[in-house]
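S.K.: Provided below are the primary sequence and the corresponding predicted coordinates.
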Amino acid sequence: MDELHVFGYGSLIWKPDFKYSTKEHGYICGYQRRFWQSNTEQRGTNEKPGRVATLIKTDNQKCLWGVKYTVKGAKKVAQVIEKLSVREKILGSYITITTKFYGKNSNNACEVLLYLATEKNPLYVGPSSEDEEKDLQCISDTIVRARGSAGPNSEYITKLADYIQTHIPEEMDEHLFMLDKLIRKKMILLHEYRHQG
């Protein structure tokens, strides 16, 4: 394979960790971002699992914005696939699918490789409550206390939210933005609590 297109919607947006030829903001259809995937390596441990993003199918064709990375050259493509297989599949329990990507500044759609976690994988936790506010509270409580080999779990969310709000204002992901606000508030309270007295 001489060319690869990879779609990032989580930490790949702000921390791809591989060499690419070009990147482009754009969207895919029929998915929503949710933090229903546990992580016991990069953003958590077995004792205190963190949370990372996955995608869930939606009935409508709502757009989900992210970043398409294009990698060119058979050798580079093979290296990226190998690296992502470790990062996303082995450590993250994600699978790969392909879907259609629509670029913000181009009329041409293309197929992109997409990593997502299904309900069948051992790290998938799903929603903790049918009430979204309660679910977000539970997720944020987990995130502020988790840390893995790649750093604190909170960084995963705050850097993702910062990037999207700065570079992809078209994305109106209330689940992410509400979670980001909760985490920032809880991190301040946690910091104050640790430094009392």
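M.R.: That came through fine. Here the structure is a predicted model, which means the values were calculated and not measured.

S.K.: alpha carbons only for contacts and neighbour counts from here, please
M.R.: OK.

S.K.: And the strands in the protein, which stretches?
M.R.: Using DSSP state E, the strands of the chain run over 3-8, 22-29, 31-39, 50-57, 63-72, 95-103, 109-116, 147-148, 151-152.

S.K.: just checking, what packs against the longest one?
M.R.: This points to strand 63-72. Applying 3 or more C-alpha pairs under 8 Å, 6 or more residues apart in numbering; DSSP states H and E, one finds that strand 63-72 makes contact with strand 3-8, strand 22-29, strand 31-39.

S.K.: now the angle from the shortest one to strand 95-103?
M.R.: Strand 3-8 and strand 95-103 are oriented at 90 degrees to each other (axes from the mean of the first three to the mean of the last three C-alpha atoms, to 10 degrees).

S.K.: For strand 3-8, which outside residues touch it?
M.R.: 66-74, 77, 101, 111-115 (C-alpha atoms under 8 Å, 6 or more residues apart in numbering).

S.K.: Tell me the buried residues within these.
M.R.: Among the contacts of strand 3-8, the ones that count as buried by 16 or more other C-alpha atoms under 10 Å are 66-72, 77, 101, 111-115.

S.K.: coming back round to it: report the two of the contacts of strand 3-8 separated the most.
M.R.: Greatest spatial distance among the contacts of strand 3-8 (C-alpha to C-alpha): 66 and 74, at 24.5 Å.

S.K.: Now render the strands of the chain as JSON lines, adding mean pLDDT and distance to residue 129.
M.R.: As requested, those are arranged in JSON lines below (pLDDT from 0 to 100; distance: least, C-alpha to C-alpha, whole Å):
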{"stretch": "strand 3-8", "mean pLDDT": "97", "distance to residue 129": "27"}
{"stretch": "strand 22-29", "mean pLDDT": "96", "distance to residue 129": "25"}
{"stretch": "strand 31-39", "mean pLDDT": "96", "distance to residue 129": "11"}
{"stretch": "strand 50-57", "mean pLDDT": "95", "distance to residue 129": "16"}
{"stretch": "strand 63-72", "mean pLDDT": "97", "distance to residue 129": "23"}
{"stretch": "strand 95-103", "mean pLDDT": "95", "distance to residue 129": "25"}
{"stretch": "strand 109-116", "mean pLDDT": "95", "distance to residue 129": "21"}
{"stretch": "strand 147-148", "mean pLDDT": "96", "distance to residue 129": "24"}
{"stretch": "strand 151-152", "mean pLDDT": "96", "distance to residue 129": "24"}
